[in-house]
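S.K.: Need coordinates for the following:
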Amino acid sequence: MKILHTADLHLGRQFNGLALDADHQTVLDQIVDATLSHKPDVLIIAGDIFDRASPPATAVRQFNEFVTRIAQESAAALVMIAGNHDSGDRIGAMSIMTDRRRALIRGPLHPDETPLILNDVHGPVAISALPFAYEYAARECYQDETIAQPEHVIRAQIASARRHLPDGARWVIVSHAFVAGVRTSEGERSLVRAGGIEAVSPRVFEGAHYVALGHIHRPQTAGANHIRYSGAPLAFGFDEAGDEKSMCIVDLGPDGIAEIETIPFVPLRSARVLRGLLDDLLNAAPSDDIIKVVLTDETPRIDPMKRLREIYPNACQLTYSRDDRTVSATLSQIVESKAARPIDVIGDFLLQVRGNGLDSSELPLVASALHELKQQETAA
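M.R.: Model prediction:
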């Protein structure tokens with residue numbers, strides 16, 4: 001069984017005020033090309049199709065045209081879920097008239113998580129599509145008032161999905177979550193409303209042969225080789241400058257072990273950070289990339305951004321390195337800015353006192369301890 005896994009399209013998003021419609025079209029075309037050339041049995045989009053619950057009409061049309069091409073030009077099935085940026089009802093509405101043998105589109109939660117069943121020469125593959133939902137919606141859906149964290153939501157979804165697995169089927173889970181121990185970026189919105197523990201343990205996906213994740217924008221594994229974020233096709237912040245974006249081709253063998261190949265995206269415009277003296281940057285080769293400029297001039301220059309945009313029309317941020325040297329974040333500032341995420345406060349504290357934050361072995365332990373503290377606070 002061959003799977004093409006992508007996520008976090010964020011159609012309709014802008015980059016520091018710059019429209020990304022053409023950039024999105026470029027990566028959508030590359031997904032179609034990969035579908036046609038690699039001939040996967042199923043295309044998975046693991047949430048955040050749109051950047052907001054009410055996307056612009058141009059983004060909706062762009063996605064509709066993309067799905068039409070997948071349906072008409074390929075034989076691939078389509079599995080996709082709502083992410084935390086999406087409207088679950090909007091995504092769910094796309095499933096009303098679809099062929100249930102070829103598509104599984106999940107928006108709102110449902111108490112019965114029935115999979116899409118596909119077959120190859122080795123037998124059935126069950127694909128469970130678990131859309132993102134906040135805790136209050138999960139408590140109502142599953143009639144369980146103990147659901148208090150994102151991990152509880154996913155556990156309830158997986159318990160429901162597990163009841164519908166055919167005997168002997170290989171199992172693929174599609175989810176939109178923050179798994180402990182992964183590298184984040186500035187473009188991801190927190191999955192908790194205010195406070196609480198956002199991270200989930202990779203152990204919640206026990207029994208799955210492949211887990212296709214969305215939410216984290218950098219492509220990476222999450223605790224095991226078969227639990228994977230495809231990452232976003234585009235960079236949405238300068239902290240991702242230089243990162244290679246990709247989609248995943250996954251082959252499931254007869255025993256369910258996944259062989260994974262990444263297919264790099266080739267962006268229309270890259271996000272780059274240029275550092276140097278203004279005069280040197282003005283004499284460099286022109287570029288249409290999305291640019292952040294860090295000037296190393298010791299004194300302010302007159303209209304630097306206006307002059308730079310003659311060479312770099314998509315320059316959208318400018319700082320001076322001398323200003324960066326004067327910024328020294330204190331621990332109190334860190335706590336104030338990240339008070340909504342206790343696990344980040346702990347990581348930043350460790351970064352201050354020992355030079356590195358939480359590593360992959362420490363994150364699950366800290367998340368578990370915070371979870372226990374939260375339960376004690378709730379019970380008090």
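
S.K.: Give me the neighbour count for the closest residue to R275 other than its chain neighbours.
M.R.: Using Cβ to Cβ, 6 or more residues apart in numbering and skipping the chain neighbours, the partner closest in space to R275 is V294 (4.3 Å). C-beta: built from backbone N, CA, C; applies to glycine. A count of nearby residues for V294, using other Cβ atoms under 10 Å, gives 17.

S.K.: Spatially nearest residue to the residue positioned nearest the centre of the chain, not counting backbone neighbours?
M.R.: With distances taken as Cα atoms, centre = their mean, the residue of the chain nearest its centroid is H215 (2.5 Å). Spatial nearest neighbour of H215, chain neighbours left out: H176 (5.0 Å); criterion: Cβ to Cβ, 6+ apart.

S.K.: What separation is there between the one you found and V27?
M.R.: As judged by Cβ to Cβ, to the nearest Å, H176 and V27 stand 19 Å apart.

S.K.: Equivalent analysis for I263, please.
M.R.: In terms of Cβ to Cβ, I263 sits 11 Å off from V27.

S.K.: With F205 instead?
M.R.: 27 Å.

S.K.: ok, how many other residues are close to G207?
M.R.: 10.

S.K.: Using the three-state scheme, assign it.
M.R.: coil (DSSP: H, G, I helix; E, B strand; the rest coil).

S.K.: Helices of the stretch 51-200 of the chain, start to end?
M.R.: Using DSSP state H, counting those that start in this stretch, the helices of the stretch 51-200 of the chain run over 57-73, 88-93, 135-142, 150-162.

S.K.: Need the contact partners of the longest one.
M.R.: Counting contacts by Cβ atoms under 8 Å, 6 or more residues apart in numbering, the residues outside helix 57-73 that touch it are 9, 11-12, 21, 24-25, 28, 31-32, 35-36, 43, 49-51, 76, 78, 94.

S.K.: In helices, which of the residues you listed fall?
M.R.: With DSSP state H as the criterion, helices contain 21, 24-25, 28, 31-32, 35-36 from among the contacts of helix 57-73.

S.K.: now for those, which pair is the farthest apart?
M.R.: Largest separation among the ones in helices among the contacts of helix 57-73 by Cβ to Cβ: D21 and L36, giving 22.7 Å.

S.K.: Run me through the strand neighbours of the helix or strand hosting the residue nearest to R275, direction for each.
M.R.: Applying DSSP states H and E as the criterion places V294 in strand 290-295. Looking at strand 290-295 with DSSP bridges, its partner strands are strand 271-276 (parallel), strand 315-320 (parallel).

S.K.: Please spell out which residues along stretch 80-98 are buried.
M.R.: Going by neighbour count (16 or more other Cβ atoms under 10 Å), the buried part of stretch 80-98 is 80-88, 90-92, 94.

S.K.: Out of those, flag the one nearest to D167.
M.R.: Lowest distance from D167 to the buried residues of stretch 80-98 (Cβ to Cβ) belongs to I81, with 25.2 Å.

S.K.: Name the nearest residue to the closest one, ignoring sequence neighbours.
M.R.: Counting by Cβ to Cβ, 6+ apart, I81 lies nearest to P131, which is 4.2 Å off, once chain neighbours are set aside.

S.K.: Over to that neighbour: give its phi and psi.
M.R.: In terms of degrees, to the nearest 10, the main-chain angles of P131 are phi -70, psi 160.

S.K.: Count the residues that sit near it.
M.R.: Using other Cβ under 10 Å as the criterion, the residues surrounding P131 number 27.

S.K.: In this structure it contacts V79, no?
M.R.: No: applying Cβ atoms under 8 Å as the test, P131 and V79 come out as separate, 11.1 Å apart.

S.K.: Spit out the contact partners of the closest residue to F178 other than its chain neighbours.
M.R.: Leaving aside its sequence neighbours, F178 sits nearest to E198 (Cβ to Cβ, 6+ apart; 5.0 Å). For E198, the contact set (Cβ under 8 Å, 6+ apart) comprises 150, 178, 190-192, 341, 343.

S.K.: L370 versus E198, what's the distance?
M.R.: 10 Å.

S.K.: do the same with H85
M.R.: 25 Å.

S.K.: And for L130?
M.R.: For L130, the distance to L370 - Cβ to Cβ - is 23 Å.

S.K.: Compare the two (neighbour count), which wins?
M.R.: Neighbour count, other Cβ under 10 Å: between L130 and L370, L130 has more, with 25 against 18.

S.K.: List the beta-bridge partners for the more buried one.
M.R.: Following DSSP bridges, L130 is listed with bridge partners S175.

S.K.: With V125 instead?
M.R.: For V125, the beta-bridge partners under DSSP bridges are L118, R170.

S.K.: Give me the neighbour count for it.
M.R.: 24.

S.K.: That one touches V172, doesn't it?
M.R.: Yes: proximity of V125 to V172 meets the contact threshold set by Cβ under 8 Å, at 6.3 Å.

S.K.: so which of the buried residues of stretch 80-98 comes closest to R139?
M.R.: Using Cβ to Cβ, G88 comes nearest to R139 of the buried residues of stretch 80-98, at 15.4 Å.

S.K.: which one is K39 nearest to, not counting chain neighbours?
M.R.: K2 (7.0 Å).

S.K.: which ones are touching the one you found?
M.R.: 38-42, 249-252.

S.K.: same thing but at 7 Å, please
M.R.: Contact analysis of K2 by Cβ atoms under 7 Å, 6 or more residues apart in numbering lists 38, 40-41, 249, 251.

S.K.: Please report how far it lies from L318.
M.R.: K2 sits 46 Å away from L318, taking Cβ to Cβ as the criterion.

S.K.: how about the helices of the stretch 201-350 of the chain, start to end?
M.R.: Remark: helices assigned in the stretch 201-350 of the chain by DSSP H, counting those that start in this stretch are 278-282, 304-308, 321-326, 331-337, 342-354.
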